[in-house]
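*Asks:* below: sequence and its predicted model.
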Amino acid sequence: MLWQPALPDRYRRMSDRELDQAITARKRQLGPSVVILGHHYQQDEVVRHADFTGDSFRLSQLAAKKVAAPGGGAKYVVFCGVHFMAESADVLTPPEVKVILPDLSAGCSMADMASLEDVVEAWEGIGEVVGNKGIGDEGTKWRVVPITYMNSTAAIKAFVGEHGGAVCTSSNAHAILEWAFRGGSEPLREGERVKILFLPDQHLGRNTAASMGYDVTTRMTLWDPRNVEGLGGNEPDDLLRSDVILWKGHCSVHKLFRPEHVDQIRAQLPGVTVIVHPECEHAVVQKADMTGSTEGIIQAIEEASAGSSWAVGTEVHLVNRLAKQAANRGVFVRILSECQCLCTTMYRIDPQHLLWVLDELAPPEGKVVNQITVPPEVRKWALVSLNRMLEITAKAKPMAAHSATPVD
């Protein structure tokens, strides 16, 4: 987490109405030179000022399109999300475009669970055991293909790109894993097989591989970078038998949902449909009726029939927004659990910080604060891993929310 200086007192003294009016006026003054992106998990007071809302990668793509608009596009991208999202926007936009994160302390605990140093150490340890540098069990020559979830740092995306892997999102993870098992960036040679190192969210990796038929106990293992015993807490045989090596990382929001929450909501609301994000742990996904990415969940609720009831296992701001919209169509939506399933780092982006960065951009100074910059070499390889993802998914239909039928 980066350090964010305290804002001038005047921002803290402003009422909600004053903040709203000031942001609106400043946006009008800055005009098309600024594009504001609002992630789905962001609070309503911020989202209302966004030019685009969506998930992290979609927003970065929209920003890239906006800055390349004919006749001169935006010069500044204000990303109301978290740090890794702003990094992706910087990778996908031209170097002269400035990407701004309103609060530098808005990080992602999941992304922080996979440092480059730990990943390099794991890569070397796995390679020595399974044959990334030699011959594995029964004469099979193994190839390890690294896959990283979008919720990772630019440094990890670059590592994956440089080592023949790709990025994935929660909606295309199935297609990316299929690509990896076919050999990744290079076709498999005779006698070769693939093991996947999946970073940094163990739950998305486990749920996706399980849906593809890989047994969670016999064909997957967990790499814990904090285990000082070596090999991430594994024995060599654990790595040799596993098709998927999962990094021990998780989303602090989706980790809060528990299997008993599904039982409780069914008791309270007979006939309810439970839909959860694949960042939830496997036991929760098994009990749910459906699982889907953020966009998949939104689509499922938007297409829900009048009179239906839904319990949604994802971040509370998004669920509340969906509930308000669905109520107008006679659809009941609530969060799966009453626990505070809030992305606290996302919540650091508030109207005060948004107004502050816009004020700093205003003439005559036009000062850029909180700029997020990815170094050129990291940018180069991160773009490789992102472009691989785009090439793969261009040939595969993104997975919508679907029935939860994981394989044990």
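*Replies:* Received the coordinates, thanks.

*Asks:* any low-confidence regions in the stretch 51-200 of the chain?
*Replies:* 70-72, 132-139 (pLDDT under 70).

*Asks:* equivalent analysis for the stretch 251-400 of the chain, please.
*Replies:* 340, 396-400.

*Asks:* can we see that at 80?
*Replies:* Along the stretch 251-400 of the chain, segments meeting pLDDT under 80 span 340-342, 395-400.

*Asks:* OK, contacts around F84?
*Replies:* For F84, the contacting residues are S56, G107, C108, A111, M150, N151, S152, T153, A154, by Cβ atoms under 8 Å, 6 or more residues apart in numbering. Just so you know, the C-beta spots here come from the backbone N, C-alpha and C atoms, and that holds for glycine as well.

*Asks:* just give the number of residues close to the nearest residue to the last one once chain neighbours are set aside.
*Replies:* Take A154 and drop its neighbours on the chain: the residue closest to it by Cβ to Cβ, 6 or more residues apart in numbering is E87, 4.2 Å away. Applying other Cβ atoms under 10 Å, we find 27 residues neighbouring E87.

*Asks:* quick check: E87 touching T153?
*Replies:* Yes: with contact defined as Cβ atoms under 8 Å, E87 counts as touching T153 (6.7 Å).

*Asks:* what's the first helix or strand after the helix or strand hosting T148?
*Replies:* Using DSSP states H and E, T148 falls within strand 141-149. The C-terminal neighbour of strand 141-149 among helices and strands, as given by DSSP H and E, is helix 154-162.

*Asks:* okay, among the contacts of F84, which ones form the most distant pair?
*Replies:* The span of those, defined through Cβ to Cβ, is set by G107 and M150 at 14.8 Å.

*Asks:* neighbour count for these two, which is higher?
*Replies:* The residue with more neighbours, out of G107 and M150, is M150; 24 against 19, by other Cβ under 10 Å.

*Asks:* in the stretch 251-400 of the chain, which spans are strands?
*Replies:* Using DSSP state E, counting those that start in this stretch, the strands of the stretch 251-400 of the chain run over 273-276, 290-291, 309-313, 332-335.

*Asks:* now for the first one, which elements pack on it?
*Replies:* Based on contacts counted as 3 or more Cβ pairs under 8 Å, 6 or more residues apart in numbering; DSSP states H and E, the elements that strand 273-276 packs against are helix 259-268, helix 282-287, strand 290-291, helix 294-302, strand 309-313.

*Asks:* out of those, which gets nearest to N234?
*Replies:* Across these, N234 has its closest neighbour in helix 282-287 (18.7 Å, Cβ to Cβ).

*Asks:* packing partners of the closest one?
*Replies:* In this structure, helix 282-287 packs against helix 202-211, helix 259-268, strand 273-276, with contacts taken as 3+ Cβ pairs under 8 Å, 6+ apart.

*Asks:* what does the first one rub up against?
*Replies:* By Cβ under 8 Å, 6+ apart, the list of residues contacting helix 202-211 from outside reads 147, 149, 170, 173-174, 177, 196, 198, 216, 219-220, 222, 243-244, 246-251, 254-255, 278-282, 285, 291, 405-408.

*Asks:* ok now it, how far from the chain's centre?
*Replies:* Computed by Cα atoms, centre = their mean, to the nearest Å, the chain-centroid distance of helix 202-211 equals 14 Å.

*Asks:* right, and the helix or strand after it?
*Replies:* strand 220-223.

*Asks:* avg pLDDT for that next one?
*Replies:* Averaged over strand 220-223, pLDDT sits at 98.

*Asks:* counting by contacts, list what it packs against.
*Replies:* Counting by 3+ Cβ pairs under 8 Å, 6+ apart, strand 220-223 packs on helix 202-211, helix 236-241, strand 244-247.

*Asks:* quick one: that strand to chain centroid distance?
*Replies:* The answer for strand 220-223 is 21 Å, by Cα atoms, centre = their mean.

*Asks:* roughly how far apart are the residue nearest to the spatial centre of the chain and L239?
*Replies:* With distances taken as Cα atoms, centre = their mean, N151 lies nearest the centre of the chain, 3.6 Å away. Applying Cβ to Cβ, to the nearest Å, the value for N151 to L239 is 24 Å.
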